[in-house]
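Novice: Structure for the following, please:
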Amino acid sequence: MVNTVSIDVAGGKMDVLLGVPEGAGPFPTIVVVHHRWGLDGFTKSVVERLNQNGFIAGALEFYHRRPKGEDTAESVTLLNDDELIADLRAGTNYLQSLPQAKRGSEAIMGHCMGGRVSFLGATAHPFKAAVMLYGGGVNHSRKGNPPILTRASNIGCPILGFFGKDDKNPSPADMVEIDTELTRIGKKHEFHAYDGAGHAFQNFTDERYRPEASEDAWRRYLAFFKETL
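Specialist: Okay, here's the model as predicted:
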């Protein structure tokens, strides 16, 4: 069963959509980074499916510093990378503190803005695995700051990435640029791009949902998590 808990973070409290598999464990822990729409039904379904496959999952509510009811299109542009990193560390530390957690087996994954934040998290915390799904902006500057791709030398875990060939952000050219840089600096990664798929191809609540691409991605990253964690 998935429940909402509240944890202490810098600047206040943060909600976590928490799911723990039945049994004593130990279970690896996965931080789930929500897409622009926050902790919605799709994000809850991701937590549930991870639970069904033997992972503790916690989706962190990154808009907790923003006013209630604010349009998420506004909220997403005002997120701060340093605050995101602090929230990620607080979230994964909380998951790892649970009695059913497998100590040291920490991963991160996210969709859309969450894909970018998953990459960011991999540069700032010793996760064992990271999955990014159509995360735009990795190789673009934000608020005048260098692209987070410039932090890639700090990545200490393998990264699995999924993209749609019809996506505009990240575009196929973006994927190639990220892939080329990770290859250049010797970071272990594997990218998959799907024909006939654009952004949000895994979100079953969106008209851009592509079941075959979605299920292939699920199969691949569940196997990845089971292998690495």
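Novice: so what does the longest strand seen in the chain touch, helix or strand wise?
Specialist: Determined from DSSP state E, the single longest strand within the chain is strand 101-111. Packing partners of strand 101-111 (3 or more Cβ pairs under 8 Å, 6 or more residues apart in numbering; DSSP states H and E): strand 27-33, helix 41-52, helix 81-97, helix 113-124, strand 129-133, helix 211-228. For the C-beta atoms, the positions are set from N, CA and C on the backbone; glycine is no exception.
Novice: of the ones you listed, which approaches Val9 most closely?
Specialist: helix 81-97 (4.6 Å; Cβ to Cβ).
Novice: Show me what the helix or strand containing Met14 pairs with in its sheet, parallel or antiparallel.
Specialist: Assigned by DSSP states H and E, Met14 belongs to strand 12-19. If you go by DSSP bridges, strand 12-19 pairs up with strand 2-9 (antiparallel), strand 56-60 (antiparallel).
Novice: contacts for it?
Specialist: Residues outside strand 12-19 that contact it (Cβ atoms under 8 Å, 6 or more residues apart in numbering) are 1-8, 32, 39, 43-44, 47-48, 50-51, 56-62, 64-65, 87, 90-91, 94-95.
Novice: could you redo the last one with a cut-off of 7 Å?
Specialist: 2-7, 39, 43-44, 47-48, 50-51, 57-61, 64, 87, 90-91, 94 (Cβ atoms under 7 Å, 6 or more residues apart in numbering).
Novice: cool, and stretch 31-42?
Specialist: By Cβ under 7 Å, 6+ apart, stretch 31-42 touches 15, 17, 43, 46-47, 57-63, 72, 76, 88, 91-92, 95, 108-114, 117-118, 203-205.
Novice: try 8 Å this time
Specialist: 4, 15, 17, 43, 46-47, 50, 57-63, 72-73, 76, 88, 91-92, 95, 106-115, 117-118, 121, 200, 203-205.
Novice: List the buried residues in it.
Specialist: 31-40, 42 (16 or more other Cβ atoms under 10 Å).
Novice: just stretch 190-208 next, same as before
Specialist: 193-194, 197-203.
Novice: Same check on stretch 164-177?
Specialist: Those would be 164, 166-167, 170, 174-175, 177, for stretch 164-177 by 16+ other Cβ under 10 Å.
Novice: ok, now how distant is Asn203 from Leu50?
Specialist: 16 Å (Cβ to Cβ, to the nearest Å).
Novice: That should have said Ala173, apologies.
Specialist: Ala173 is 31 Å from Leu50, by Cβ to Cβ.
Novice: repeat for Ala129
Specialist: Ala129 is 12 Å from Leu50, by Cβ to Cβ.
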